[in-house]
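[1] how would this look folded up:
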Amino acid sequence: MAQSKQQKQNFVLALLALCGLAAGCGASTGVVFDPNKAHHGDGEFVSARQGSFFGHFMMRLREDDPPPRDPAEIVSIVGNADLGLIRSYARQPRVTWIGHATALVQYRGINYLTDPHLTQYPFYYEMFVEPRYTQPALDFEQMPVIDFVVISHNHYDSLDHRTVDRFGDAVLWYVPLGLKGWFLDRGISAERVVELDWWESHRYSDEVGITFTPAQHWSKRTPWDTNKSLWGGWAVDIAGFNSWFAGDTGYDDRYFREIGERLGPFRLAMIPIGGYAPRYFMASAHIDPAQAVDVHLEVGAQQSLPIHWGTFQLTIEPVLEPARLLVDEMQRRGLPPEQFRPVKIGDTLILD
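    Next up, the predicted model:
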């Protein structure tokens with residue numbers, strides 16, 4: 001449904017709640033900033049956008065409401081996860097879209113998740129924001145055994161504290177530089193958190209290598225911690241199956257071309273297509289569907305999965321617009337539609 005006046009007022013109340021949450025909290029992350037790295041600044045990471053929750057809330061107050069959601073539209077993007085397939089050994093690489101930026105990648109006994117969000121609200125305080133309008137394809141109990149999780153950044157729709165608490169020490173967490181302390185504060189063991197800077201790599205096992213890649217975004221969970229932790233994407237190689245999770249990002253072809261040159265080509269890329277409107281406000285932080293096709297090509301992806309849409313009303317584009325624009329853009333460029341096409345929540349792509 002369209003956002004009500006009360007819901008808009010709740011955005012402002014949410015800002016005040018954040019202030020209460022962070023009052024008295026320091027922003028120290030233990031990061032030693034390196035002046036020789038362009039993305040390291042004076043006590044914080046350098047972003048193309050100095051993000052502000054207040055600015056986001058004010059944008060939502062200024063702009064027209066998103067169009068009312070048609071229940072038929074919601075039904076059209078929700079499928080049924082094949083639990084039998086998901087619980088079976090993956091002899092071929094496969095990926096299942098769980099919803100929003102959460103995907104389950106499986107191959108040769110390895111299962112990993114991207115930005116897992118399995119609960120209802122993209123914020124700390126449930127009363128101030130609208131819940132998700134589509135449910136995750138799998139709940140926590142239905143998940144196969146997860147080996148590791150990659151986290152792109154600390155925004156609430158990507159780093160859900162409730163989901164983190166459920167997994168706890170049962171998985172290995174790969175997180176951006178500056179974010180490890182947040183996990184330790186939640187009781188996660190230090191040896192279960194691997195913190196990396198851009199282009200740093202870690203071996204999960206002899207067959208699995210993981211590299212943190214650049215993105216154009218920003219970080220913030222409270223009014224006191226803007227850009228104190230990094231953001232980015234993750235390249236994961238499992239026995240020669242090369243996958244890449246873009247995280248949240250605005251468009252900078254220098255990043256994507258370098259990722260493709262250094263780590264690609266990728267058999268699978270998971271690329272965001274939603275959260276882009278209005279462009280005057282969102283362009284520095286989120287790509288739109290046409291730019292997502294650029295990213296698909298620049299990183300050398302054979303198959304891309306569109307993510308970061310169809311779950312939360314974070315910005316003002318209509319529910320189905322990202323998928324429609326993606327299809328139109330692939331057709332306009334004469335690209336094979338199966339290379340990068342919208343799927344339903346719960347669908348699994350099996351890669352040859």
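
[2] Counting neighbours, what do you get for Asn111?
    By other Cβ atoms under 10 Å, 18 other residues sit near Asn111. For the C-beta atoms, the positions are set from N, CA and C on the backbone; glycine is no exception.

[3] err, Val327, not the other one
    When counting by other Cβ under 10 Å, one arrives at 16 neighbours for Val327.

[4] tell me which residues of the helix or strand it falls within are tucked away?
    Element membership of Val327 [criterion: DSSP states H and E] is helix 321-332. Neighbour-count burial for helix 321-332, counted by 16 or more other Cβ atoms under 10 Å, picks out 321-323, 325-327, 329-330.

[5] And for stretch 33-49?
    Within stretch 33-49, the residues that count as buried by 16+ other Cβ under 10 Å are 39-40, 44-45, 47, 49.

[6] Off-centre distance for it?
    22 Å (Cα atoms, centre = their mean, to the nearest Å).

[7] again with stretch 55-72
    21 Å.

[8] From Gly99, how far off is Tyr89?
    With distances taken as Cβ to Cβ, to the nearest Å, Tyr89 is found 24 Å from Gly99.

[9] Please read the previous query as pertaining to Gln106.
    For Gln106, the distance to Gly99 under the criterion Cβ to Cβ works out to 17 Å.

[10] about what we covered before: now, which of the buried residues of helix 321-332 sits nearest Ala190?
    Of all the buried residues of helix 321-332, Pro322 has the smallest distance to Ala190: 38.4 Å, by Cβ to Cβ.

[11] contacting residues around the closest one?
    Taking Cβ atoms under 8 Å, 6 or more residues apart in numbering as the contact definition, Pro322 lies against 273-274, 276, 288-289, 306, 309-310, 342.

[12] what does Arg132 give?
    99-100, 120-122, 311-312.

[13] Please report phi then psi for it.
    Backbone torsions for Arg132, taken as degrees, to the nearest 10, come to phi -60, psi 150.

[14] Against Gly79, how distant is it?
    From Arg132 over to Gly79 the distance is 16 Å, taken as Cβ to Cβ.

[15] can you map out the helices along this structure?
    Residue ranges of the helices in the chain, as given by DSSP state H, are 5-22, 53-62, 71-76, 83-86, 161-167, 180-185, 253-263, 279-282, 289-298, 321-332.

[16] so which of the ones you listed gets nearest Thr213?
    Once the helices of the chain are compared by Cβ to Cβ, helix 253-263 is nearest, at 5.1 Å.

[17] quick check: angle from the closest one to helix 289-298?
    Counting by axes from the mean of the first three to the mean of the last three Cα atoms, to 10 degrees, helix 253-263 points 30 degrees away from the direction of helix 289-298.

[18] Who are the packing partners of helix 253-263?
    Packing contacts for helix 253-263, counted by 3 or more Cβ pairs under 8 Å, 6 or more residues apart in numbering; DSSP states H and E, involve strand 208-213, strand 233-238, strand 241-245, helix 289-298.

[19] any idea how far it is from the chain center?
    Taking Cα atoms, centre = their mean, the mean C-alpha location of helix 253-263 is offset from the chain mean by 19 Å.

[20] Can you list the buried residues in it?
    255-260, 263.

[21] Low-confidence regions, this structure specifically.
    Of all residues in the chain, those with pLDDT under 70 make up the ranges 1-28, 49-54, 124-128.

[22] try it again with 50
    Along the chain, the parts satisfying pLDDT under 50 run over 1-3, 5-6, 11-26.
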